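> Build me a structure from this.
(one chain, ligands or ions: 2)
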Amino acid sequence: MEDKDLDKLYDLIYKLNEEVAELKRRSEEVKQDPDESQMDVVTDQEHVLVDPHSLGEYKNVSLPNGSVLKMRTYPMCVNGRHVINDLSDIVFCSRCGGAICSKHALDIDPPLCKNCIREEVGILSEAEIAVLVAVSKGVPFWRMTKTLKVSRGLVSKSLEKLRSLGFIRLGFPNFLRYETTMDGDNFIRLASFIYDI
Ligand SMILES: [Zn+2]
Ligand SMILES: [Zn+2]
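Numbers count the residues shown, from 1 in each chain. Ligands and ions are numbered 1, 2, ... in the order given. You can find the predicted model right below:
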């Protein structure tokens, strides 16, 4: 979906939610002012809400004046940012519970959405991730500054941080060279869903 379409979708969601708010407001006015109780409140029309945590359901929302709004909720794919019409192949992010359609589901078990992955890999800067990837490829320290175009100081600091997080360790039998741990490799895999590494 292009940004243009996305804007349209958000616009639509915004308008629908506004419409519901307006109906609620009007019904409250009616309640407060019995003389105007003839005012029409649309209740037969179906209202639509998009909710990333919904499996798609009908909800009845009671208004203060006693009328009931029929609401239909549709799940929204948090990775592709679109309404999911086909509910057969849907997974939920294990962290935030957001719905993900089969087309946009990533190959991770348990499932995670892109936002949650971004949050998780956010503990490292892009430079630190680049150093981690360089370690996994066996690039020696002296070559990292040139390959990654970062200062010696930054490479040293990154290596220190990666070691304290348990992502790298000094290799055996070459104690002068770092290697990635299993946690480090898992982190790289996760980061590869967000960064082009
Ligand atoms: Zn999707
Ligand atoms: Zn999530």
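> Model confidence for the closest residue to Gly184 other than its chain neighbours, exactly?
Excluding its sequence neighbours, the residue lying closest to Gly184 (CB to CB, 6 or more residues apart in numbering) is Phe167, at 3.5 Å. Yep, even glycine has a C-beta here, placed from its N, CA and C like the rest. Note on Phe167: pLDDT of 98.
> hang on, Phe167 packs against Leu132?
Yes - with contact defined as CB atoms under 8 Å, Phe167 counts as touching Leu132 (5.8 Å).
> what does stretch 167-181 contact?
For stretch 167-181, contacts defined as CB atoms under 8 Å, 6 or more residues apart in numbering pick out 132, 135-136, 138, 140-141, 159, 162-163, 166, 183-184, 187-188.
> 7 Å instead?
Residues from elsewhere that reach stretch 167-181 (CB atoms under 7 Å, 6 or more residues apart in numbering): 132, 135-136, 140, 159, 162-163, 166, 183-184, 187.
> out of the residues you listed, who's nearest Ser62?
Distance to Ser62, by CB to CB, is smallest for Phe187 among these, at 48.3 Å.
> burial of the closest one, as a residue count?
When counting by other CB atoms under 10 Å, one arrives at 24 neighbours for Phe187.
> Go through the helix or strand hosting it and flag the buried ones.
Using DSSP states H and E, Phe187 maps to helix 182-191. Across helix 182-191, burial judged by 16 or more other CB atoms under 10 Å covers 184, 187-188, 190-191.
> Burial check on the closest residue to Tyr58 other than its chain neighbours, number of neighbours?
Nearest residue to Tyr58 in three dimensions, chain neighbours excluded: Arg72, at 5.7 Å (CB to CB, 6+ apart). By other CB under 10 Å, the residues close to Arg72 number 14.
> Repeat that for the one 3 residues further on.
Pro75 is flanked by 23 other residues according to other CB under 10 Å.
> Now it: closest residue in space, sequence neighbours ignored.
Using CB to CB, 6+ apart, the closest residue to Pro75 is Ala99 (4.0 Å).
> Contacts only, for that neighbour.
52-53, 75-78, 84, 90, 92.
> hmm, 8 Å instead?
Applying CB under 8 Å, 6+ apart, we find Ala99 in contact with 52-55, 75-78, 84, 90-92.
> ok, now Asp86?
Asp86 makes contact with Cys101, according to CB under 8 Å, 6+ apart.
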